[in-house]
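> this one's structure only:
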């Protein structure tokens, strides 16, 4: 099953859609689609919340910052050692 040239015709700047006609029919076009309340609520689940961080999240952030600091120090030491060896 190949792609027909008529399927590749598009407006300038629009993305190429390589889906079959049956798959295209199953997908609503994004430009004219309005989300229902159920779809909107489902999307809101993945948005960051304004609730305060849990203890675990605070510990994870502190750990990440500490690891980044230690990595920067290690890279600085390695760079300094590399310049000393060349001299």
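That came through, no problem. Note that the structure is predicted; figures quoted are calculated from it, not measured.
> can you give me the mean pLDDT across stretch 70-87?
Averaged over stretch 70-87, pLDDT sits at 92.
> buried sites along it?
By 16 or more other Cβ atoms under 10 Å, stretch 70-87 has no buried positions at all. From N, CA and C alone the C-beta is placed, and that goes for glycine too.
> which other helices and strands does the helix or strand hosting residue 67 contact?
Per DSSP states H and E, residue 67 falls inside helix 55-86. Under the contact definition 3 or more Cβ pairs under 8 Å, 6 or more residues apart in numbering; DSSP states H and E, helix 55-86 sits against no other helix or strand.
> quick one: low-confidence ranges for the protein?
1-33, 87 (pLDDT under 70).
> please redo it, this time with the cut-off set to 80
1-35, 44-51, 87 (pLDDT under 80).
> hmm, who's touching the strand or helix carrying residue 40?
Under the criterion of DSSP H and E, residue 40 resides in helix 37-44. Applying Cβ atoms under 8 Å, 6 or more residues apart in numbering, the contact partners of helix 37-44 are residue 35.
> switch the cut-off to 7 Å
Applying Cβ atoms under 7 Å, 6 or more residues apart in numbering, helix 37-44 has no contact partners.
> buried stuff in it?
Within helix 37-44, judged by 16+ other Cβ under 10 Å, no residue is buried.
> measure residue 70 to residue 76 for me?
Distance of residue 70 to residue 76, given as Cβ to Cβ, to the nearest Å: 11 Å.
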